[in-house]
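> pasting a predicted model and its sequence here:
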Amino acid sequence: MFETISALTLARMQFAFTISFHFIFPSFTIGLASYLMVLEALWLRTGRDVFLQLFKYWLKIFAIVFGMGVVSGIVMAYQFGTNWAVFSDKAGPVVGPLMAYEVLTAFFLEAGFLGVMLFGLERVGKALHFTATLMVAIGTAISAFWIIAVNSWMQTPAGYAINAKGQFVTTDWLAVIFNASMPYRLAHTLLASYLTTALVVGGVGAWHLLKDRRDLRKPNEATRIMFSMAMWMAAVVAPIQIFAGDEHGLNTLQHQPAKIAAMEGHFRSHPGGLQGGAPLILFGIPDDKAQVMRHAIEIPRLGSLILKHDLDAPMPGLDAVAPQNRPPVEIVFWSFRIMVAIGFGMLGVGLWSLWARSRGTLYDSPWLHRLALLMGPTGFVAVIAGWVTTEVGRQPYTVYGLLRTAQSASPLAAPAVAASLIAFIIVYFGVFGAGTVFILKLMGHEPHPGESGPLRGDVTRTAGLAPGPAQDAAGLAPAE
């Protein structure tokens with residue numbers, strides 16, 4: 001299978017595979033940490049047990065997702081030294097310190113307070129425990145800040161010089177960190193994380209609302225609150241995300257016009273003026289080999305209006321880019337449309353929930369609940385599609401316009417890379433598949449009074465493996 005594939009292509013496949021798995025977990029933990037912070041704040045302010053139920057319910061899930069995110073992130077980082085040693089050597093003086101700042105600030109902050117957050121609710125004071133939860137939530141956001149700073153610098157490099165060894169060295173750290181695309185990318189990523197979490201929480205709430213309706217049981221207050229909070233988040237954040245995405249697109253047009261041309265499917269330039277602006281291509285079949293869009297369904301001049309706010313504005317196409325510098329349209333065109341379609345789906349769910357809420361039927365709208373359940377995992381699809389759009393659209397560069405991907409890979413033989421890729425596929429699907437099944441099992445029961453936290457005894461009970469008398473005697477199981 002891998003005999004005719006180059007080592008470079010295999011290295012790219014391996015990095016894409018591992019980072020796609022990894023990206024799922026931070027996109028959930030960033031939003032979930034903030035959600036836990038809000039739940040605990042509401043519990044402390046109101047004293048209502050229902051918020052404590054929800055806090056403990058989602059805390060167990062957070063613990064597992066956080067652990068899988070850390071493990072997948074460590075594995076992914078090793079590839080910089082194995083498969084991408086040339087990139088590490090040339091960009092390391094800039095990228096390395098930023099990654100170190102992420103560890104020193106965010107990871108240490110999360111690690112220092114995570115244990116208190118997970119296991120200290122009944123062992124420390126309420127104020128200290130809330131402080132721990134707050135610090136973990138802040139830590140996840142700081143982690144995103146540094147990682148996005150690294151990625152954004154690779155997209156829009158600034159504040160650097162190139163020394164005699166061909167290495168990038170920093171001349172202005174503020175310019176490196178706050179490069180041209182960083183604020184837009186950070187806002188877009190954080191909002192995507194919050195929406196991803198809202199869809200998961202809303203999907204779980206919708207599942208239990210549907211079960212309550214089917215089983216004719218008394219509605220669960222915690223389930224209703226969970227669903228209501230998720231729908232508020234979708235209704236408020238989805239339009240903000242669409243606006244942030246539009247601003248990010250305008251920034252990308254300014255600094256990476258070839259990426260925008262690939263996203264929009266514009267193989268040819270549109271001069272504008274009397275000849276009209278660029279159309280908005282809704283769908284089509286891009287042909288990279290022939291450099292044409294086949295069977296295009298388009299709206300005339302709307303592309304120029306969206307991207308330049310002028311119906312007759314000129315729009316550069318890929319014909320203005322040297323052939324060897326063009327990104328693959330066949331991938332970017334469709335990944336971008338998947339992301340946008342899901343974004344508008346989120347907006348639709350949010351608007352539907354507002355309509356149902358205004359009619360007093362938020363908890364009695366089975367079709368809304370079915371849609372929310374269907375949308376539950378789509379946030380993960382959207383963030384991966386967005387990542388594919390960003391990274392594949394940057395090709396053929398690792399550092400945009402300066403260091404090509406083909407010049408960044410380690411001098412490895414294809415069989416060696418293929419062997420590690422196969423090993424990753426087997427191990428990842430085994431380990432993370434089991435973790436996902438366990439998370440779904442935790443989501444399968446409703447929050448209830450007396451909801452347990454993520455102590456060892458609680459987790460084993462939830463998994464159906466109740467601790468024996470020796471464990472109880474050793475104090476590993478909490479008192480009932």
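Good, I have the coordinates. Numbers count the residues shown, from 1 in each chain.

> which residues in the stretch 251-400 of the chain form strands?
Taking DSSP state E, counting those that start in this stretch as the criterion, the stretch 251-400 of the chain contains strands spanning 280-287, 292-299, 397-399.

> now these in a markdown table, with mean pLDDT?
Putting the strands of the stretch 251-400 of the chain into a markdown table (pLDDT from 0 to 100) gives the following:
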| stretch | mean pLDDT |
| --- | --- |
| strand 280-287 | 90 |
| strand 292-299 | 90 |
| strand 397-399 | 94 |
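
> any idea which of those strands is most buried?
strand 397-399 (a mean of 22; mean count of other C-beta atoms under 10 Å). Placement of C-beta: from N, CA and C, glycine included.

> helices or strands up against that one?
Other helices and strands packing on strand 397-399, by 3 or more C-beta pairs under 8 Å, 6 or more residues apart in numbering; DSSP states H and E, are helix 85-101, helix 126-155, strand 403-404.

> would you reformat the ones you listed as TSV and include mean neighbour count, distance to Leu253 and mean pLDDT?
Listed next are the helices and strands packed on strand 397-399 as TSV, based on neighbours: other C-beta atoms under 10 Å; distance: least, C-beta to C-beta, whole Å; pLDDT from 0 to 100:
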stretch	mean neighbour count	distance to Leu253	mean pLDDT
helix 85-101	18	25	91
helix 126-155	20	13	93
strand 403-404	18	22	92
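
> how about these, which one is nearest Lys165?
Across these, Lys165 has its closest neighbour in helix 85-101 (8.3 Å, C-beta to C-beta).

> measure how the closest one sits relative to helix 126-155, angle-wise.
150 degrees (axes from the mean of the first three to the mean of the last three C-alpha atoms, to 10 degrees).

> which other helices and strands contact helix 85-101?
Using 3+ C-beta pairs under 8 Å, 6+ apart, helix 85-101 sits against helix 49-82, helix 126-155, strand 168-170, helix 173-177, strand 397-399, strand 403-404.

> name the strands paired with the shortest one and say parallel or antiparallel.
Yep, that's strand 403-404 we're talking about. With DSSP bridges as the test, strand 403-404 is paired with strand 397-399 (antiparallel).

> relative to helix 49-82, how tilted is the helix or strand harbouring Ser193?
According to DSSP states H and E, Ser193 maps onto helix 182-215. Helix 182-215 runs at 130 degrees relative to helix 49-82, counting by the same axes, to 10 degrees.

> quick one: contacts for Ser20?
Contact analysis of Ser20 by C-beta atoms under 8 Å, 6 or more residues apart in numbering lists 384, 387.

> cool, Thr4 as well?
Taking C-beta under 8 Å, 6+ apart as the definition, Thr4 has no contacts.

> ok so it is a helix residue?
No - using DSSP: H, G, I helix; E, B strand; the rest coil, the assignment for Thr4 is coil, not a helix.

> tell me how far it lies from Leu10.
11 Å (C-beta to C-beta, to the nearest Å).

> same question for Leu311.
Counting by C-beta to C-beta, the gap from Leu311 to Leu10 is 46 Å.

> likewise for Pro314?
On the measure of C-beta to C-beta, Pro314 and Leu10 end up 40 Å apart.

> and those two? Which one has more around it.
Shown here are Pro314 and Leu10; by other C-beta atoms under 10 Å, Leu10 has more neighbours (23 against 16).

> is it true that Ser88 touches Thr82?
No - between Ser88 and Thr82 there is no contact under C-beta atoms under 8 Å: 9.6 Å.

> can you give me the helices for the stretch 201-350 of the chain?
221-255, 257-264, 302-308, 329-358 (DSSP state H, counting those that start in this stretch).

> any buried residues in the first one, and which?
For helix 221-255, a neighbour-count test (16 or more other C-beta atoms under 10 Å) marks 222-235, 237-238, 241, 244-245, 248-249, 251-253, 255 as buried.

> what's the angle between that helix and helix 257-264?
Using the same axes, to 10 degrees: helix 221-255 against helix 257-264 is 130 degrees.

> now do helix 221-255: which elements does it pack against?
helix 49-82, helix 182-215, helix 257-264, helix 302-308, helix 329-358, helix 366-375.

> which of these sits most buried?
helix 257-264 (a mean of 25).

> report all helices and strands that that helix contacts.
Helix 257-264 packs on helix 221-255, helix 302-308, helix 329-358, going by 3+ C-beta pairs under 8 Å, 6+ apart.

> worst mean pLDDT among those?
Among the helices and strands packed on helix 257-264, helix 302-308 carries the lowest mean pLDDT, a mean of 88.

> residue ranges with poor pLDDT in this structure?
1-3, 214-219, 273-275, 450-451, 453, 455-480 (pLDDT under 70).

> biggest helix in it, by residue count?
helix 7-46 (DSSP state H).

> just want the angle from that one to helix 221-255.
130 degrees.

> list the buried residues of helix 7-46.
Quick answer for helix 7-46 (16+ other C-beta under 10 Å): 7-8, 10-15, 18-40, 42-43.

> centre of the chain to that helix, how far?
6 Å (C-alpha atoms, centre = their mean, to the nearest Å).

> what's the answer for stretch 345-359, then?
23 Å.

> give me the contact list for it.
Contacts for stretch 345-359 (C-beta under 8 Å, 6+ apart): 195, 199, 202, 228, 231-232, 234-239, 241-242, 362, 365, 368, 371-372, 375, 378-379, 382.

> just stretch 258-269 next, same as before
Against stretch 258-269 from outside (C-beta under 8 Å, 6+ apart): 249, 252-253, 278, 280-281, 284, 286, 291-293, 296, 303, 307, 314-321, 325-329, 332-333, 336, 389, 393-394.

> and Ser193, what does it touch?
26-28, 30-31, 144, 383.

> which parts of stretch 441-451 are buried?
442-443, 446-447, 451.

> shouldn't His188 be in contact with Gln241?
Yes - assessed by C-beta under 8 Å, His188 is found in contact with Gln241 at 7.3 Å.

> tell me who's in contact with the spatially most central residue of the chain.
With distances taken as C-alpha atoms, centre = their mean, Ser27 lies nearest the centre of the chain, 3.6 Å away. Neighbouring residues of Ser27 by C-beta under 8 Å, 6+ apart: 192-193, 196, 379-380, 383.

> and what of Ala198?
31, 230-231, 233-234, 237, 379 are the contacts of Ala198 under C-beta under 8 Å, 6+ apart.

> look up how far Val201 lies from the closest residue to it other than its chain neighbours.
The shortest distance from Ala198 to any non-neighbouring residue, by C-beta to C-beta, 6 or more residues apart in numbering, is to Met233 (3.7 Å). As judged by C-beta to C-beta, Met233 and Val201 stand 8 Å apart.

> re earlier: for Val427, find the nearest of the helices and strands packed on helix 221-255.
Closest among the helices and strands packed on helix 221-255, once you apply C-beta to C-beta, is helix 49-82, at 8.8 Å.

> that closest one: how far from the chain's middle?
13 Å.

> also stretch 98-106?
So, by C-alpha atoms, centre = their mean, the centroid of stretch 98-106 is 19 Å from its chain's centroid.

> just the residues contacting it, thanks.
Taking C-beta under 8 Å, 6+ apart as the rule, stretch 98-106 contacts 77, 139-140, 142-143, 145-147, 149-150, 153, 176-177.

> who are the contact partners of the residue nearest to Gln395 when sequence neighbours are not counted?
Spatial nearest neighbour of Gln395, excluding adjacent residues (C-beta to C-beta, 6+ apart): Pro327 at 4.8 Å. When contacts are counted by C-beta under 8 Å, 6+ apart, Pro327 touches 258-259, 262, 392-396.
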